[in-house]
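A.B. asks: Sequence and computational prediction follow.
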Amino acid sequence: GRVETAWNAMFDRVRPLGDDVLLTSVDGEWSFRDTVRHLVFAIDKWFTIPILGDETFSPIGLPNSGSADEPWPGVDRDADPSVDEAIAVLRDRFDRYRTTVGSLDLSALPAETEIMENGLEPTLMCFQVVLEELFEHLRYATRDLDVLTT
C-alpha cells in the first residue's frame, strides 16, 4: 500500500546516512532507529500477537513511554539493534501485514480482540491502529530527518 511505499522511500533516504544522524534525537523525540523499533512494537501489539497469534514481541520492540513498565513478553529492554537490523524486522512486519490483509476474510474475524494493556478492542480497529502508527511516525521521522540533514 501507499504507507509501505512511503516507508520504503524513507528507507532509501536514510540508507546513505550514518549512525550519527539515525541515532540522534531531535527535541527529545525518538531517533530514527528507535522510531522503527517502536513501529515493530506497535505492529506486534496490534497485529502480530492478537491477529496472527504470535506469542511474543520482537526483542527489539520499543514500547511508548506510558507502556514501558508493562511486562511485554519477548521485549529485550537492553536491545541495541543496528539501524539495518531494525529496518529488517519492520520490513518483515510489513510483509506479514500485507499478506494477511491481502487474503483477509472479514467475516472470519471476531468482533473484538484482546489487546495487551488495552483489553477488548474492535478487531477491525487493530488494522486501523497499525496504519495510523505507520503514517504518524513517518511524519515524525520525516520532520526530524529534515532538521538533521539541512
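C.D. replies: Cool, the structure landed.
A.B. asks: Confirm for me that L62 is in contact with R33.
C.D. replies: No. Look at L62 against R33 with C-beta atoms under 8 Å: they stay out of range, at 9.3 Å. Bear in mind the C-beta positions are built from the backbone N, C-alpha and C, glycine included.
A.B. asks: The two: who's more crowded?
C.D. replies: With neighbours defined as other C-beta atoms under 10 Å, L62 and R33 compare such that L62 has more, 26 against 23.
A.B. asks: The more buried one is in what secondary structure piece?
C.D. replies: Using DSSP states H and E, L62 maps to neither a helix nor a strand.
A.B. asks: ok, it to W72 distance?
C.D. replies: For L62, the distance to W72 equals 10 Å [C-beta to C-beta, to the nearest Å].
A.B. asks: any shared contact partners between the two?
C.D. replies: F41 (C-beta atoms under 8 Å, 6 or more residues apart in numbering).
A.B. asks: Can you list the low-confidence ranges for this structure?
C.D. replies: Counting by pLDDT under 70, the chain has no low-confidence residues at all.
A.B. asks: Where is the longest helix in this protein?
C.D. replies: Longest helix of the chain, by residue count under DSSP state H: helix 123-149.
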